[in-house]
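Visitor: Next one to model:
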Amino acid sequence: MKTTLLLVFTVLFAQGLFSQGLNSVSSSGVNNVLAAGNGGKIFRTTTGGSGWSLNTVNPTVDYKSVAQSGNYYFISGDNGKVYKTQVNNFNLTELPTGVSTSLNSINFLDSLNGFVCGNNGVILKTTNGGNNWTTINGGVLNIRLNAISFKNTLNGIVAGDSGVVYLTTNGGTNWTLQTSLTTRNLLDEKYYNEGIVITGEYGIIIRKDNAGSFTLKTSKTNSDIRAISGTYTNSHVCGGGGFIRNNLNGSDNYFNFESNPMMANLVDIVYADSLTGYAISSLNDAIIKTTNGGASWNLTGGTTVNISWVSKLVTSGGIGNNLCMHPSDRNSLFVMYGNRVYVSRNKGETWTQISTTSLGTAAHSFYVSPIDTNIWVAAIESTTDKVIRTTDYGVTWSTILSQNFSNYGQPLEIDQNNPSTFYFAPDGGGFYKSTDVGATFTEISGMYAFRSPCDIMVMYDSSNVIFVADGVTGSGLGQIYKSGNGGLNWTLVHTNPSSSEIPSMSNSVFDKSTMYATNWSGGNVYKTTNFGDNWALLRTNVSSGWGSDVCREDPTLVLTGSYGSPTFLSTNNGVNFSTYTCTGGAGAGIIVPDRGFLINMMTGGLFKMSFNYSVITEIKETIISEIPKSFNLYQNYPNPFNPTTMIKFDLPKSGVVKLSVYDNLGKEIQSIINGYRNSGSYEINFDGSKLSTGVYFYRITTNEISETKRMLLIK
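Guide: Numbers count the residues shown, from 1 in each chain. Alright, predicted model coming up:
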């Protein structure tokens, strides 16, 4: 029976299923890194990520976790086995553990002492480098355990589903159940000398100083926090749609965000030292790297990303920002186009119409109440414009208030700090407030001199601070007003004489001092960093501005739309923006629930941003495990070739192998293999696309033999 070991260096995986990428990453120094994933996938580099090899060793095994100690990497699988390979030479050895359940986390203190945990409450221990394993789960429930960490041979922690946390002080002989303060599934933890950090689903961060008790931190995110790395006082966490956060300067809530290029979930992170770190996603094979302690991250080794807008709903009547997240289901999203309401239950991939109202023609604002999802409130155009409301999930609607508002703006806003409160700003002055989930509205500011308000924004954590963006088409004067007393009085804080309107404003729960505003009919984007008292020009885009949003899980990401097709994306706090075309009218509504979930509500249809990562290298190696009887180096085929050719050799004995390509002057131009190989028959896919037409030679050298053959590249 033949089994195949496949080493692939040309890979293209699009964002999609969870299994497409990687699950765990570890490092031995700043240059030597190993990452593993489902389907037996193992990525390795010895050059700090400048180039990667992909080994698919056991295609039926999903690798769950990687640990490094001494000269070895240890990998746990979903088949109850642990695998071991040398840091500098890839030679994977299977280490049976005596169990068959998934082993979800592995931790080694040194080359001898290691621990794994997994499903069904399994906890195992080795004291001889994985050759033998002992069950040490006394007192532990039969539950899925997701993470294990020991600070020394005696003191350890395991964490798992339903908020389960156990501590041991005797090397796992006994475990004591802890009060973790949550019932959410816990995904990772680290036992530092100074204390413990645990992370989990729905923004869970738990910390415990050695002398203290477990404390649940306010993370202000609904996204999963999946992994931890670094030191206790300089630790980094990652998760969600691609955020990385740290606790530098005493930020126990991890409110320091690290700019990075990953627009997909991050599931693991490892720091080789205080400056160099690597992070991975389960949705693609792109591995990102920092060399400055997380101040910035970059894609590694030949990795590129293609970003585009993909149509998800073709409809019409999208004039305002009518996008609204479900208050408790982070995968569900609502939108109102014209007089029709649609819902998506899969992060905007597909949409279903669920309601129609006869009370108006084109909605400008739409909200599903976090208090009761049967209650919806909308501002909609009519003969006289209206605020309308339903209390039965869109079956019947009633008119709450009749008053004209901006032709293009978003005149209705919910107070995200107090969802029973709504605000409404019509044309010609006045500011209205509802404190009963939109059932009634009362004018609270008299006939204040707003002309035609385009947007309303309430400051996070400070409901008394409200902003109104004002403007009239053709006036040549866009303005922003601020109230510090809940809308009773207003102060003009920004005037833009080069535009007619300020069509949208956006802010972040993580830093209420920072906000953004767009303008029409110009491309200016403005930013404030002092709570809206002063606004400065951030950049000028090529198209007039319209919608905008700050990513709800990571304030380093800002997206703005335009009164046209371009959109503008920044992943570094607005320092730089990239332009992406979206053809579907004009971009009035923007919402960014997480870094991998960006929605653009165009006037003629709804779009979702797509991210396709490509990892390109130069060699494909296939190893057939049958042992040949003798050594043989075969002629490459095809020959001549352009640009790729196969090189095959038989290796009857295991040992160090070097396979290199030379030019006709005898100069080595590429080392293909240089390390230990098991006995077997090997096929190498050599890519000569970077070489010129000519004669080349390939030479294989082992401890016992050296042989050379000629090949011809013709372009």
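Visitor: quick one, what contacts residue 665?
Guide: Residues near residue 665 by C-beta atoms under 8 Å, 6 or more residues apart in numbering: none. In short, each C-beta sits where N, CA and C put it, glycine included.
Visitor: Show the backbone phi and psi for it.
Guide: As for residue 665, its main-chain torsions (degrees, to the nearest 10) stand at phi -100, psi 0.
Visitor: Residue 550 too?
Guide: Per degrees, to the nearest 10, the backbone of residue 550 is at phi -100, psi 130.
Visitor: pretty sure it contacts residue 558?
Guide: Yes. Assessed by C-beta atoms under 8 Å, residue 550 is found in contact with residue 558 at 5.5 Å.
Visitor: got any residues that touch both of these two?
Guide: By C-beta under 8 Å, 6+ apart, the residues touching both residue 550 and residue 558 are 506, 516.
Visitor: And the strands in the stretch 451-600 of the chain?
Guide: Under the criterion DSSP state E, counting those that start in this stretch, the stretch 451-600 of the chain contains strands at 453-459, 462-470, 478-483, 491-496, 505-507, 515-518, 524-528, 536-540, 545-550, 558-562, 566-570, 578-581, 587-594, 597-602.
Visitor: any chance of those strands in JSON lines, plus mean pLDDT, distance to residue 194 and mean neighbour count?
Guide: Shown next, in JSON lines, are the strands of the stretch 451-600 of the chain (pLDDT from 0 to 100; distance: least, C-beta to C-beta, whole Å; neighbours: other C-beta atoms under 10 Å):
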{"stretch": "strand 453-459", "mean pLDDT": "96", "distance to residue 194": "36", "mean neighbour count": "26"}
{"stretch": "strand 462-470", "mean pLDDT": "97", "distance to residue 194": "34", "mean neighbour count": "21"}
{"stretch": "strand 478-483", "mean pLDDT": "95", "distance to residue 194": "43", "mean neighbour count": "24"}
{"stretch": "strand 491-496", "mean pLDDT": "93", "distance to residue 194": "44", "mean neighbour count": "16"}
{"stretch": "strand 505-507", "mean pLDDT": "97", "distance to residue 194": "35", "mean neighbour count": "24"}
{"stretch": "strand 515-518", "mean pLDDT": "96", "distance to residue 194": "37", "mean neighbour count": "28"}
{"stretch": "strand 524-528", "mean pLDDT": "96", "distance to residue 194": "37", "mean neighbour count": "21"}
{"stretch": "strand 536-540", "mean pLDDT": "94", "distance to residue 194": "40", "mean neighbour count": "14"}
{"stretch": "strand 545-550", "mean pLDDT": "95", "distance to residue 194": "33", "mean neighbour count": "27"}
{"stretch": "strand 558-562", "mean pLDDT": "96", "distance to residue 194": "35", "mean neighbour count": "27"}
{"stretch": "strand 566-570", "mean pLDDT": "96", "distance to residue 194": "36", "mean neighbour count": "22"}
{"stretch": "strand 578-581", "mean pLDDT": "96", "distance to residue 194": "40", "mean neighbour count": "13"}
{"stretch": "strand 587-594", "mean pLDDT": "95", "distance to residue 194": "31", "mean neighbour count": "26"}
{"stretch": "strand 597-602", "mean pLDDT": "97", "distance to residue 194": "35", "mean neighbour count": "26"}
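Visitor: what's the domain layout of this protein?
Guide: 4-301, 625-713 (automatic domain parsing).
Visitor: Looking at the ones you listed, which one is packed in the most?
Guide: Comparing those by mean neighbour count (mean count of other C-beta atoms under 10 Å), domain 4-301 ranks first with a mean of 20.
Visitor: chain center to that domain, what's the gap?
Guide: 16 Å (C-alpha atoms, centre = their mean, to the nearest Å).
Visitor: Equivalent analysis for stretch 689-708, please.
Guide: Here stretch 689-708 is found 42 Å from its chain centre; the criterion is C-alpha atoms, centre = their mean.
Visitor: Could you export that stretch as PDB, CA atoms only?
Guide: The C-alpha coordinates for stretch 689-708 follow below in PDB (Å, rounded to 0.1, in the frame of the first residue of the first chain):
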ATOM      1  CA  SER A 689      10.300  31.000 -14.200                       C
ATOM      2  CA  LYS A 690      13.000  33.300 -12.700                       C
ATOM      3  CA  LEU A 691      15.800  31.900 -14.900                       C
ATOM      4  CA  SER A 692      16.900  32.700 -18.400                       C
ATOM      5  CA  THR A 693      16.900  30.300 -21.300                       C
ATOM      6  CA  GLY A 694      19.900  28.000 -21.200                       C
ATOM      7  CA  VAL A 695      21.500  24.800 -20.000                       C
ATOM      8  CA  TYR A 696      21.400  24.000 -16.300                       C
ATOM      9  CA  PHE A 697      22.500  21.000 -14.200                       C
ATOM     10  CA  TYR A 698      21.000  19.400 -11.100                       C
ATOM     11  CA  ARG A 699      23.100  17.500  -8.600                       C
ATOM     12  CA  ILE A 700      22.100  15.200  -5.800                       C
ATOM     13  CA  THR A 701      24.600  14.400  -3.000                       C
ATOM     14  CA  THR A 702      24.200  12.000  -0.100                       C
ATOM     15  CA  ASN A 703      26.600  10.400   2.400                       C
ATOM     16  CA  GLU A 704      27.300   7.700  -0.100                       C
ATOM     17  CA  ILE A 705      26.800   9.100  -3.600                       C
ATOM     18  CA  SER A 706      26.800  12.200  -5.800                       C
ATOM     19  CA  GLU A 707      25.200  12.400  -9.300                       C
ATOM     20  CA  THR A 708      24.600  15.200 -11.800                       C
END
